[in-house]
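Visitor: I'd like to go over a predicted model; first the sequence, then the structure.
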Amino acid sequence: MKLTIYNSIKVIFVMTICLIFSGCNKNFLDLAPDQDLSEDDVFKEYANFRKYSDYNYSYSEFFAFHGRLWNALPATMSDEAVNASGSTKPMNQGSWINTNVDWPNETDRIWTRMYAGIRRVNMVLERIDEVPNFPSQIIKDRTIGESYFLRAMFYFELIKRYGGVPLVDRTLSGEENLDLPRADYDACIDFVVADCDRAANLLLPTYPDADLGRATKGAALALKSRMLLYAASPLNNPGNDIAKWQSAAAAANEVIKLNLYDLYPDVHTLFFQPTCEEVIWNRPRGKVNFDQGLGNGQGGLWVRFIATEGYLGWNGTSVTTNFVDMHEGANGYPISDARSNYDENNPYEDRDPRLKINVLTNNVDWLGRKTEFYTGGRDRGSANVNLTGQSIRKFWPDNLVRVAGGNTTYLNYIVFRYAEVLLNYAEAMNEAYGPDNNNGYSLTAREAANLVRGRVSQAPIPMDISSNTASMRTRLQNERAIELCFEDHRFYDILRWKKGTEFLNGPIYGTRITKVSDNNFTYERFTYETRVFESHMHRYPLPLSEIYKSKGVLEQNPDWID
C-alpha cells in the first residue's frame, strides 16, 4: 500500500478535484488555508484547525457529485443510461483493468482519495485536544462527531466497491510497515457502524442555515442504515442471515423515529433548492446558470450531459429504454403484465407519473415547444447525441434554458434523503418479516413503499403481485430503480443484489421514433449495445498499483487478474 494511500506527511490543502468540480459555492465546507502549513501549525491555532477540519468534507466531492466521471454521469455504469463519450465503455464491455483517462476516477482514484480523507480525519481525532480556544464544548463535540461520520462515509465508499479493505484508525508514519492486509468484510461493517453510532451520539439533529451541509445525527443514522442494508444483501450475506436484515430494518427505523424528515410534496423540484424536509445530508452549492460555455460550474452538467441539441446542449447521457420499461402502468402493474394497459403505440402514457418526472420523451410540451426525439427531429440530434430517443428530465428545471445570463437555479446533490430511508426500511423489513408484518414498528414494508409511491399518486403495489417476500422483493427492487434513478444508487444496488449478470449483461435498448404526421409517431425498440458483465465483477478490482506495492499482503478480489 505504501504512503500513496495515506498521502504525504505534509498537509496539502488544495485538492485538484475541487478545482475540477468547481460547482460548489464558497461556504464553510470549501474554505482552505491560504498557504500550506505543517501539521503542527494546524493544531496550534483554532482558526487554522477549523479550516483544516471543515475542508475534510471536500473529499466527499469525489462521490457527492452528479458528474464525477467527468465525461459521463454514474448512471451510465448501470442500465439507466448510456453516454456518447465512451467514458464508461471499459466497464460496460467488461474490460475494467484496461482503463482510459476517465474511468480511473471510479477505480484507482476513489481508493487513494478515500484513504487520503481517512488519514486527515484520523489526525483530527487524535490531535483535537491540542487545539486551543474552542468556542464551546458543543462545537468541539460536533467536530469529533463530524470526523467519525466522514471516516465512516469514506470507508463505506470503499467497502461498497471492494468488499473488505485495510482498516486504519490512526495516522501512520513513514517508519511503520504500511503493507496492511484487508480486513474481513464483517469487521469493516462493525467498524463503520461503530463510527456511525459515535457520530450520532455527538452530532446535533439540525443546524442553522450558516451550517447547512454539516453532518447531522440523522446523516449518521442514514449512513448506518445504508451500510447495514448493503451488509444484509446477497453479495455480502450469501447465507441469508435474517439477523442482518433485522439489523438493517432497525437502523432505518432509527431514522424514521427521529421525526425530523418527511417526503417533500413536489419530487421534481426537490433538487432545485438548498434544502427541504426530505434532505438528510447534501452538499450545498450556490445557484448556477445554464449559460453559454462551461465556465459556470454545474451549469456545464446540463450542457454536457442532459440538454439536447435542440435546446443547445450536448446530451452526452441518454436514457435507456430498459429504464423506461421499468416504469409501471398507472395502476401499479409492470408493463409486461397485460393488466397494466400498456400500449406500445403510445408507450409513455398511462404510466407511473414518475416517468414524466424522470425522463424527457417525445412530443411533450417543454420550454415553449414540443420535444422532437424522432428521426430528423431537433432533439434526436446528431449521430453521437441522444443515442436512445429519450433524455433525463429529473435534474432539468422547468424554466432553465441555455442563453447568456439565463435563469439561475440550485442543483444540489442529495447524498441521503428520506425516500431512500423508507425504501431501505421496506426492503429490510420485507426480508426480515415479510411484506405485511410491522414487528411492532410503525410501518410494514408495504406501507413504507406505498408512502413513497403515494407522493406522486402512483397506485399502491398490487397485493396479487406482492403477497410474499419473493414477489415483494421484485417490486421493491423496481421501486428503488424508479424513485432513486440517476442518483448513483442503481449500479451499486445491482451489485449488492448480485444481479449484474441479469441486468448488466446483455442488450441495452433505445427507441427509434418515426414521425408519420403531426402528433402521430411509430416507436421501435432497437439494440443500442450489448454489454458484458461476469460474476466476479460484482466487486471492483483493487488498484493494480496498490497490489504491486504491497509485496503480496494486499490480496486481489477473486478472478481479477493481477
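Guide: Yep, it's here.
Visitor: use CA for all of it now, contacts and neighbours both
Guide: Fine.
Visitor: report the mean confidence score over the helix or strand Val124 falls within.
Guide: If you go by DSSP states H and E, Val124 is part of helix 108-127. In this model, helix 108-127 carries a mean pLDDT of 92.
Visitor: what does stretch 456-475 give?
Guide: 98.
Visitor: what about the protein, any weak spots by pLDDT?
Guide: 1-36, 64-67, 70-71, 97-105, 174-176, 290-299, 383-384, 403-406, 562 (pLDDT under 70).
Visitor: report the buried residues of the helix holding Val124.
Guide: By neighbour count on 16 or more other CA atoms under 10 Å, the buried set for helix 108-127 is 108, 110-125.
Visitor: and if you look at stretch 51-64?
Guide: Neighbour count says stretch 51-64 has 51-64 buried, by 16+ other CA under 10 Å.
Visitor: coming back round to it: helices and strands around the helix holding Val124, which ones?
Guide: With contacts taken as 3 or more CA pairs under 8 Å, 6 or more residues apart in numbering; DSSP states H and E, helix 108-127 sits against helix 2-6, helix 137-162.
Visitor: name the residues that touch it?
Guide: 4-7, 43, 53, 56, 59, 62, 144, 147-148, 150-151, 154-155, 157-158, 168-171, 542-543 (CA atoms under 8 Å, 6 or more residues apart in numbering).
Visitor: so how do I select the buried members of these in PyMOL?
Guide: Selection of buried members from those for PyMOL, criterion 16+ other CA under 10 Å:
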select buried, resi 5+6+7+43+53+56+59+62+144+147+148+150+151+154+155+157+158+168+171+542+543
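Visitor: check the buried residues of stretch 51-64 and tell me the two furthest apart.
Guide: Across those, the longest distance by CA to CA is 21.1 Å; it joins Lys51 and Phe63.
Visitor: can you show me the CA trace of the helix holding Val124 as CSV?
Guide: Extracted as CSV, the C-alpha positions of helix 108-127 are listed here (Å, rounded to 0.1, in the frame of the first residue of the first chain):
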residue,chain,number,x,y,z
ASP,A,108,-7.9,3.7,-8.7
ARG,A,109,-8.6,7.3,-7.6
ILE,A,110,-11.5,6.6,-5.3
TRP,A,111,-9.2,4.3,-3.4
THR,A,112,-6.4,6.9,-3.0
ARG,A,113,-8.8,9.8,-2.3
MET,A,114,-10.8,8.0,0.3
TYR,A,115,-7.6,6.9,2.2
ALA,A,116,-6.3,10.4,2.0
GLY,A,117,-9.5,11.6,3.6
ILE,A,118,-9.3,8.9,6.2
ARG,A,119,-5.8,9.9,7.2
ARG,A,120,-7.0,13.5,7.7
VAL,A,121,-9.9,12.7,9.9
ASN,A,122,-7.8,10.3,11.9
MET,A,123,-5.4,13.2,12.6
VAL,A,124,-8.3,15.4,13.7
LEU,A,125,-9.5,12.7,16.1
GLU,A,126,-6.0,12.1,17.5
ARG,A,127,-4.9,15.7,18.0
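Visitor: could you give the angle of that helix to helix 137-162?
Guide: Counting by axes from the mean of the first three to the mean of the last three CA atoms, to 10 degrees, helix 108-127 points 150 degrees away from the direction of helix 137-162.
Visitor: how distant is helix 108-127 from the center of its chain?
Guide: In terms of CA atoms, centre = their mean, to the nearest Å, the centre of helix 108-127 is set 20 Å apart from its chain centre.
Visitor: likewise for stretch 315-331?
Guide: Counting by CA atoms, centre = their mean, stretch 315-331 is centred 18 Å from the centre of its parent chain.
Visitor: one more: stretch 278-287?
Guide: For stretch 278-287, the distance to the chain centre is 13 Å (CA atoms, centre = their mean).
Visitor: for stretch 119-129, same thing?
Guide: Offset of stretch 119-129 from its chain centre (CA atoms, centre = their mean): 27 Å.
Visitor: and if you look at stretch 137-154?
Guide: On CA atoms, centre = their mean, the centre of stretch 137-154 falls 22 Å from that of its chain.
Visitor: can you list contacts of it?
Guide: 53, 56-57, 60, 114-115, 117-118, 121-122, 124-125, 134, 191-193, 195-196, 198-204, 214-216, 220, 223.
Visitor: equivalent analysis for stretch 368-382, please.
Guide: By CA under 8 Å, 6+ apart, stretch 368-382 touches 308-311, 361-365, 386-387, 389-390, 512-515, 521.
Visitor: buried ones among these?
Guide: With neighbours counted by 16+ other CA under 10 Å, the contacts of stretch 368-382 contain buried members at 308-311, 361-363, 386-387, 389-390, 512-515, 521.
Visitor: from those, which is closest to Pro181?
Guide: Among those, and counting by CA to CA, the member closest to Pro181 is Leu387, at 44.0 Å.
Visitor: which SS state does the closest one fall under?
Guide: coil (DSSP: H, G, I helix; E, B strand; the rest coil).
Visitor: what does Leu423 give?
Guide: Judged by three-state DSSP, the three-state class of Leu423 is helix.
Visitor: that one and Val452, how far apart?
Guide: With distances taken as CA to CA, to the nearest Å, Leu423 is found 8 Å from Val452.
Visitor: number of residues surrounding Glu524?
Guide: As a burial measure, Glu524 scores 12 neighbours (other CA atoms under 10 Å).
Visitor: which ones are touching the closest residue to it other than its chain neighbours?
Guide: Nearest non-adjacent residue to Glu524, counting by CA to CA, 6 or more residues apart in numbering: Arg512, 5.0 Å away. Arg512 is in contact with 374-375, 388-389, 523-526, counting by CA under 8 Å, 6+ apart.
Visitor: ok, those vs Pro334, which is closest?
Guide: Looking at these and their distance to Pro334, the nearest is Arg525, at 17.7 Å (CA to CA).
Visitor: give me the element the residue nearest to Glu524 is part of.
Guide: Going by DSSP H and E, Arg512 is part of strand 507-517.
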